[in-house]
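*Asks:* Predicted coordinates and the sequence they were generated for:
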Amino acid sequence: MDVNAKIYEFCKVGNLKSAVDLLISLEKSELELETYCSILQLCAKRKSLQDGKRVHSIITSNGIVIEGILGAKLVFMYVNCGDLREGRRIFDQILNDKVFLWNLMMYEYAKIGKHRESIHLFKKMQNLGIEGNSHTFSCIMKCFAALGQAGDCEMAHGYVYKLGVGSHNVVANSLIAAYFKCGGVESAHKLFDELGDRDVISWNSMISGYVQNGSSENGLEVFIQMLISRVKADLATLVSVLVACANIGKLSLGRALHGYGVKSCFDREIMFSNTLLDMYSKCGDFDDAIQVFKKMGQKTVVSWTSMIAAYVRGGLYDDAIRLYNEMEREHVKPDSYTLTSILHACACSSSLEKGTEVHNYIRKNMGLNLSLSNALMDMYAKCGSMEEAHLVFSEIPIKDVISWNTIIGGYSKNSLPNEALRLFAEMQTESTPDSITMACVLPACGSLAALDRGREIHGHILRNGYSSDPHVSNALLDMYVKCGSLVLAQLLFDKIPKKDLISWTVMIAGYGMHGFGNEAIATFKEMKSSGIEPDEISFTSILYACSHSGLVNEGWKFFNSMKKEFNIEPKLEHYACMVDLLARTGKLSEAYKFIEKMPIKPDASTWGALLCGCRIHHDVDLAEKAAERVFELEPENTGYYVLLANIYAEAEKWEKVKKLRERIGKKGLKKSPGSSWIEVKGKFNIFVAGDASHPQAKRIDSLLKKLRIKMKDEGYSPNMKYALINASDMEKEVALCGHSEKLAIAFGILNLPPGRTIRVTKNLRVCGDCHEMAKFMSKTTKREIVLRDSNRFHHFKEGICSCRGFW
DNA sequence: ATAGGGTTAG
């Protein structure tokens, strides 16, 4: 038998080894070109680059010119075996006019994402006058779509029709998909309407096109049309329709599709099961999601990730982390989706330890991308670790709006408002803020009481039409409340068309902080009658409101209704509110008994609330009891030692003050000096007690002296009731109280136009002497003074304070 | 005598 025929026979039965062995064993052969072709063909089929290369070198050493069909075969072999570079080298070498080969090269580039190279080849092909066919266009459409160039899609569309291949199903289908990817929904639909012969892929392209363009409803509509047209749904159809169900919560349809899929044996397909699992999870049916997960024969990283995400969605963060650990034990490698999910779980459950572990895993195994960096930042921020968050932020080469929002929101929430505002300013030069940015930065204005800055941002919000976003309007509301402008908050609140639980809670808390207990209660009732159920946070707000206005009976009613009416178990903060309320109103022993009977362990702030009440009502004995518990629980908190020292001082128990000072002396007390600030013309002026470094220090001092004399003349006795213990060294301040809030108010009187409200913010609670003086100042200078201390607001007007002594 | 259109997770 002829050698050619022998090799051909080996190739025909797929015996590549024998074919190649025989070829190698031949001396300078006189094989026919077809023989080389058939053996190259088999190499391509087997993807055996090694054999292909051998054959190639034999061809070259036999001095055969590589051209025509043999050249094409060689290119095909190299491309198929994954050596695109060598394939391209030969492709460029041979003069070729075979459309097939051009298509092949274009496809390969498209496959690896080099869409531009693919289009480049297409243009070259056109220049050479080689006409494309349906394959050419389906490929080129995919490239245009991937680059998102809608104009190109239309151009190609016209071109395709001129050549007369447009009616070809494959081309039409790829055009439909391309239009969807470039946002040309209407063009896609028109094309589909005009398409005479719609196959299952035409329908699938429409369904998935709609779903991916955010109109799942339309996708389902097309699916129904498809059923009516009696086109049989395949796996891809089901996957797209399940995604649509997941997007818009169509659980019952999803279930029906589950049944259909099982009947069609798609439940063996991993893609079907994964999509199904995600559908159940997004529709809130965790039990069925778990069932699908359990029954899956094989699980990919996608399956695990979807299940983890399902737990995260349901707030079961510990379960999510548990499942992640289990996945690791099964040696399934997480990808960036898994990691963002698990980081989110760590963020929401404040698991800094696990979060850091995940960060280390990423560092070691894969490196960061933008979503991962954003998720990491969020995790660190939510765990209160802003240094780490900023480190991640600073290492992101190209930050997106989410990166900025995350870092700004992180600083805002972690009480670093100046950092938040600084980054917000920086963001405006480097990126474009969106509505979420507003909701992230506004709390920073709130915590600084930066009303002017807050107003500026409000302007920005109005100019950009962000006001209808509920997050934004709630953040604005909160900002105005915290900046002391309750009237503006009220106006804004009334204008919110759809008030949610947060809007109501912010308003209730606002009324409470400003001393309008009855308004807070009315608002709470209004909220209930509008059909919104309070949660534990709204109860904290209403209880605080009661305590700031001394409404004992109402407070008890709300506290008791929590469990009875709403089945909400009171937490530490609710107990603390009640202790605060009882203690402030002088029911000290009742407060003490209340703490003793608590079903959960009281913390420092519970006892601290009692201690506070003891100061107001001068009960040294109970104060000592409460203080001992506080010191046990929070030995490092300076404020409580100062508080007890003041209680002793007010009772003139100087020996005890001395002893307390000695006790602290051994520990070494962290200083937290009182400071107050006031915003004038957008600039913050910060004052620290006894600090004379302010440029206007002399003017302020002489104004205060004048006021002090006037106060005396009008019968205000120099106030020795309030013992003044200096927080930094626990020494009695013998001289006149030089507290920061007085300085700031005086500065406001000197620098703000008459009639303008003076808004001062203090980091600690207001001092008694300052409180008295502020009353006087409001009367004698005919100014409204709004003072925010660490606890609440004091509105001074005509010698009266809104707190009516509850502070 | 070789390639093609539609498909899951944040």
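*Replies:* Received, thanks.

*Asks:* Settle this for me: residue A:745 is touching residue A:776, isn't it.
*Replies:* No: using Cβ atoms under 8 Å, residue A:745 and residue A:776 do not qualify as a contacting pair, with a distance of 10.7 Å. Any C-beta I mention is one placed from the backbone N, CA and C, and that applies to glycine too.

*Asks:* who's more crowded, the two?
*Replies:* Neighbour count, other Cβ atoms under 10 Å: between residue A:745 and residue A:776, residue A:745 has more, with 31 against 17.

*Asks:* would you list every one of the helices in the stretch 51-200 of chain A?
*Replies:* A:68-80, A:84-93, A:99-111, A:115-127, A:134-147, A:150-163, A:169-181, A:185-194, A:200-212 (DSSP state H, counting those that start in this stretch).

*Asks:* got a markdown table for the ones you listed, with mean neighbour count too?
*Replies:* Formatted as a markdown table, the helices of the stretch 51-200 of chain A follow (neighbours: other Cβ atoms under 10 Å):
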| stretch | mean neighbour count |
| --- | --- |
| helix A:68-80 | 22 |
| helix A:84-93 | 16 |
| helix A:99-111 | 19 |
| helix A:115-127 | 17 |
| helix A:134-147 | 23 |
| helix A:150-163 | 16 |
| helix A:169-181 | 25 |
| helix A:185-194 | 16 |
| helix A:200-212 | 23 |
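
*Asks:* I'd like the ones you listed as CSV, with distance to residue A:638 and mean pLDDT appended.
*Replies:* CSV is the format used below for the helices of the stretch 51-200 of chain A (distance: least, Cβ to Cβ, whole Å; pLDDT from 0 to 100):
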stretch, distance to residue A:638, mean pLDDT
helix A:68-80, 73, 92
helix A:84-93, 69, 93
helix A:99-111, 65, 92
helix A:115-127, 63, 90
helix A:134-147, 61, 87
helix A:150-163, 63, 73
helix A:169-181, 61, 88
helix A:185-194, 63, 90
helix A:200-212, 57, 94
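
*Asks:* Format those as TSV; extra columns: distance to residue A:48.
*Replies:* Shown next, in TSV, are those (distance: least, Cβ to Cβ, whole Å):
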stretch	distance to residue A:48
helix A:68-80	9
helix A:84-93	14
helix A:99-111	18
helix A:115-127	26
helix A:134-147	26
helix A:150-163	37
helix A:169-181	30
helix A:185-194	42
helix A:200-212	32
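
*Asks:* Strands of chain A, residue ranges please.
*Replies:* A:675-680, A:683-688, A:758-762, A:785-788, A:793-797, A:800-801 (DSSP state E).

*Asks:* Please identify the deepest-packed of those.
*Replies:* strand A:758-762 (a mean of 26; mean count of other Cβ atoms under 10 Å).

*Asks:* Packing partners of that one?
*Replies:* With contacts taken as 3 or more Cβ pairs under 8 Å, 6 or more residues apart in numbering; DSSP states H and E, strand A:758-762 sits against strand A:675-680, helix A:740-751, strand A:785-788.

*Asks:* nearest to residue A:588, of the ones you listed?
*Replies:* strand A:785-788 (26.7 Å; Cβ to Cβ).

*Asks:* JSON lines for the helices and strands packed on strand A:758-762, including distance to residue A:291?
*Replies:* Output for those, formatted as JSON lines (distance: least, Cβ to Cβ, whole Å):
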{"stretch": "strand A:675-680", "distance to residue A:291": "58"}
{"stretch": "helix A:740-751", "distance to residue A:291": "62"}
{"stretch": "strand A:785-788", "distance to residue A:291": "54"}
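
*Asks:* Counting neighbours, what do you get for residue A:414?
*Replies:* Residue A:414: 18 neighbours (other Cβ under 10 Å).

*Asks:* Make sure it is actually in contact with residue A:383.
*Replies:* No: judged on Cβ under 8 Å, residue A:414 makes no contact with residue A:383 at a distance of 9.8 Å.

*Asks:* just the helices in the stretch 501-650 of chain A please.
*Replies:* A:501-513, A:517-529, A:536-549, A:552-566, A:572-584, A:588-596, A:604-616, A:620-633, A:638-650.

*Asks:* Show me the one of the ones you listed that comes nearest DNA strand B.
*Replies:* helix A:501-513 (22.3 Å; Cβ to the nearest atom of the strand).

*Asks:* Quick one: list the elements packing against the closest one.
*Replies:* Against helix A:501-513 (3+ Cβ pairs under 8 Å, 6+ apart) you get helix A:470-482, helix A:486-495, helix A:517-529, helix A:536-549.
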